[in-house]
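Participant: Need coordinates for the following:
(chains A and B)
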Amino acid sequence: MKLYLTSKFHYVAEAIANKLNDAQKEKVVFITTSFKYRKFQDSELAWHYHNLDAMKKYGFKYEFYNIIGKLNSDIERDLAEYQTMYVEGGSAFFLMQESYKNNFREYVKKRLDSGMVYLSESAGSVCAGVDIAANSRPGKSLEDYDLPSSAGFGFVNFNILPHWGQPDKKDDYSAYKIPQSYKEHFPYILLTNNQYVEVEDDWYKIVDVTQE
Amino acid sequence: MKHLFLTSSIGTPGVGESIRAKLGHDRPLKTAFITTPIEVDDMSDDTWYQEDRKALIDNGFSIFDYTITGKSESDIHHDLNDIDSIYVSGGNEFYLKQQSNKNNFGQFVKKFVDSGKPYIGTSAGSIIMAPNMSPCLLITDSERCPEPITDHSGFGIVDFLVMPHWGSKEFRSVYLGGRTEKMYQEKWKLILLNNNEYVEVFDDKYHIIDVRNKK
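Facilitator: Here you go, the predicted model:
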């Protein structure tokens, strides 16, 4: 099982691209669902366009896919050929809500076990963890969505708190994420925008592209 | 090959047992219990320390106390030349580093770890393995160290910093009272570790074990 969990994909895209083979870069399904939780103006999606630019620059060939309204059988059929799944940032709560409707989690887990690579940014990395509750803040919380629990996909046995150290996220951390995570429930990795977690089966490491 | 076990608290039920299962030793391992970090700590309530010692003894570690304070580099090499494993206690990691700077204890640990023998740390003993310990510095550390704290570097044997006792009642005021504020920088690789967890390091990869989970 191979995963690359990032805070900001375009910051670390080059390093990850260097670790993937051509086939893994040429067959990428780009899951857009996480940021479909509301309508965005184009000007609000600069971060997303930066990710797309990085994908192109470093040799990723992707096709968009939204799981909203899809049946599990649709997903099975539509995603069979892809060797890498990229899950974009947005709302972890919204992505989990939509995933419950079509057993997306089970599908992805099966594919990861058979060699597909999971690549993600922010909400996509949060969902890969055990539990998403610590990442709640107003408008992005359990109460805002129809979710039976705060469980994540559970592909890894830790939780990521993304964008650690980013100045404009500090208030969210002080007011919500730190108090919410200060429990003896799960391990947490505080992931900066320059870092990603490289996971291979049960083992992992944090890579900082500014220290490579 | 390096094999490390970085705990918040080896005395937490299940942690010592889990490490024993990982090592699979069938005879007691001669283990230097490095007591240096407690020399300047407030030990008026040493329950945690006694629990840590018991966890080691109960799990097949034949411990003997050893401080690096006042030792020369050659003393350390002589005294610890036949140990099977090394355990570094909780306490004051900055004081430990000050003492290490006088006798190259960090280099000794690095060579020991590179030889493939196991290293176990609790709290300060886990923090000291990081490249830098700055976010852990407390006012009380400075007050208790007999010399000014000018060196915030750790041994740098791993490239991340464990923040131990996350979620515990005892450390709530430390973390929520200013430590996380200091941590909020893009400089470090930070792992928040509660008392039921430890990081098992195998060469350059690692994973976090929660002893309450079966896996």
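Participant: and the closest residue to A:Ile178 other than its chain neighbours, how many neighbours?
Facilitator: In space, and not counting its chain neighbours, A:Ile178 is closest to B:Thr180: 5.1 Å by CB to CB, 6 or more residues apart in numbering or on different chains. Heads up, the C-betas are built off the backbone N, CA and C, glycines and all. B:Thr180 has 23 neighbours, counted by other CB atoms under 10 Å in any protein chain shown.
Participant: three-state assignment of B:Thr180?
Facilitator: Here B:Thr180 is recorded as helix under DSSP: H, G, I helix; E, B strand; the rest coil.
Participant: ok, it - contacts?
Facilitator: Applying CB atoms under 8 Å, 6 or more residues apart in numbering or on different chains to B:Thr180 gives the contacts A:Tyr173, A:Ser174, A:Ile178.
Participant: ok, now B:Phe61?
Facilitator: B:Pro28, B:Leu29, B:Thr31, B:Ser85, B:Tyr87.
Participant: Do you know the pLDDT at it?
Facilitator: At B:Phe61, the model reports a pLDDT of 98.
Participant: For B:Val113, which non-adjacent residue is spatially closest?
Facilitator: B:Lys2 (4.7 Å).
Participant: confidence score at the residue positioned nearest the centre of chain B?
Facilitator: By CA atoms, centre = their mean, chain B has its centre lying nearest to B:Gly125, at 1.4 Å. At B:Gly125, the model reports a pLDDT of 98.
Participant: Is it in contact with B:Tyr87, as I believe?
Facilitator: Yes - in this structure B:Gly125 lies within contact range of B:Tyr87 using CB atoms under 8 Å: 7.0 Å.
Participant: so what's in contact with those two at the same time?
Facilitator: Overlap of the contact sets of B:Gly125 and B:Tyr87 (by CB under 8 Å, 6+ apart) consists of B:Ile34.
Participant: now the helices: where do they sit in chain A?
Facilitator: For chain A, the helices defined by DSSP state H occupy A:9-17, A:22-26, A:46-57, A:72-78, A:92-102, A:104-113, A:123-127, A:170-172, A:178-181.
Participant: Now mean neighbour count, mean pLDDT and distance to B:Thr36 too, for those, in JSON lines please.
Facilitator: Formatted as JSON lines, these follow (neighbours: other CB atoms under 10 Å in any protein chain shown; pLDDT from 0 to 100; distance: least, CB to CB, whole Å):
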{"stretch": "helix A:9-17", "mean neighbour count": "21", "mean pLDDT": "98", "distance to B:Thr36": "39"}
{"stretch": "helix A:22-26", "mean neighbour count": "14", "mean pLDDT": "97", "distance to B:Thr36": "48"}
{"stretch": "helix A:46-57", "mean neighbour count": "16", "mean pLDDT": "98", "distance to B:Thr36": "47"}
{"stretch": "helix A:72-78", "mean neighbour count": "14", "mean pLDDT": "98", "distance to B:Thr36": "57"}
{"stretch": "helix A:92-102", "mean neighbour count": "22", "mean pLDDT": "97", "distance to B:Thr36": "44"}
{"stretch": "helix A:104-113", "mean neighbour count": "17", "mean pLDDT": "98", "distance to B:Thr36": "45"}
{"stretch": "helix A:123-127", "mean neighbour count": "29", "mean pLDDT": "98", "distance to B:Thr36": "39"}
{"stretch": "helix A:170-172", "mean neighbour count": "14", "mean pLDDT": "96", "distance to B:Thr36": "36"}
{"stretch": "helix A:178-181", "mean neighbour count": "18", "mean pLDDT": "96", "distance to B:Thr36": "32"}
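Participant: Thanks again, I'm all set now.
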